[in-house]
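Q: Turn this into a model:
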Amino acid sequence: MSGPPLFALLIVLVGGAALVIADVFGFADVTDGRIASLVALLAIAVWVGSGFLGRYSGRGSEALRHLAIWLAIATLITAIYVWQAPIKDMLGIS
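A: Numbering: from 1, shown residues only. This next block holds a predicted model:
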């Protein structure tokens, strides 16, 4: 195993070690629910990431363009959610 899979495994291991160190030395309050949430998000990231890498193998510019489009869509949805109260006030919706 070498290249990107090894690098991804290294990132996961370093992140896990950082969580353990932060919990042991009191830098952060790492609860069981938070760890379970991180494990679930990591599983989703591996699932989506493997499909992403498989689909765009050798086509980096197309992958970046599609990633930017999805990032813009996610940012727009998040902005609408965060500012829903001011938007409703501006439109006169109660």
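
Q: So for the helix or strand of the chain with the lowest mean pLDDT, what gets flagged as buried?
A: Across the helices and strands of the chain, mean confidence by mean pLDDT, DSSP states H and E is lowest for helix 4-24: a mean of 77. Under the neighbour-count criterion of 16 or more other C-beta atoms under 10 Å, helix 4-24 has L19 buried. Placement of C-beta: from N, CA and C, glycine included.

Q: what does the very next helix or strand once past that helix rub up against?
A: Scanning forward in sequence from helix 4-24 by DSSP states H and E, the next helix or strand is helix 32-55. For helix 32-55, contacts defined as C-beta atoms under 8 Å, 6 or more residues apart in numbering pick out 4, 8, 12, 19, 63, 67.

Q: what's the angle from helix 32-55 to helix 4-24?
A: 170 degrees (axes from the mean of the first three to the mean of the last three C-alpha atoms, to 10 degrees).

Q: ok, V24 to A17 distance?
A: V24 sits 11 Å away from A17, going by C-beta to C-beta, to the nearest Å.

Q: An error on my part: the question was meant for G49.
A: 21 Å.

Q: likewise A85?
A: 41 Å.

Q: With adjacent residues omitted, what lies nearest to Y56?
A: A63 (3.6 Å; C-beta to C-beta, 6 or more residues apart in numbering).

Q: and the host helix or strand of that neighbour, C-alpha only, in CSV?
A: Using DSSP H and E, A63 maps to helix 60-82. The C-alpha atoms that make up helix 60-82 are tabulated as CSV, following Å, rounded to 0.1, in the frame of the first residue of the first chain:
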residue,chain,number,x,y,z
GLY,A,60,-8.2,16.2,-12.3
SER,A,61,-9.5,19.4,-13.8
GLU,A,62,-13.0,17.9,-14.3
ALA,A,63,-13.0,16.6,-10.7
LEU,A,64,-12.0,20.0,-9.4
ARG,A,65,-14.8,21.7,-11.4
HIS,A,66,-17.4,19.3,-10.2
LEU,A,67,-16.1,19.5,-6.6
ALA,A,68,-16.4,23.3,-6.9
ILE,A,69,-20.0,23.1,-8.1
TRP,A,70,-21.0,20.8,-5.3
LEU,A,71,-19.2,23.1,-2.8
ALA,A,72,-21.0,26.1,-4.1
ILE,A,73,-24.4,24.3,-3.8
ALA,A,74,-23.6,23.2,-0.2
THR,A,75,-22.5,26.7,0.7
LEU,A,76,-25.7,28.2,-0.8
ILE,A,77,-27.9,25.8,1.1
THR,A,78,-26.0,26.4,4.4
ALA,A,79,-26.2,30.2,3.9
ILE,A,80,-30.0,30.0,3.3
TYR,A,81,-30.4,27.8,6.4
VAL,A,82,-28.2,30.1,8.6
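
Q: Right, I'll leave it there.
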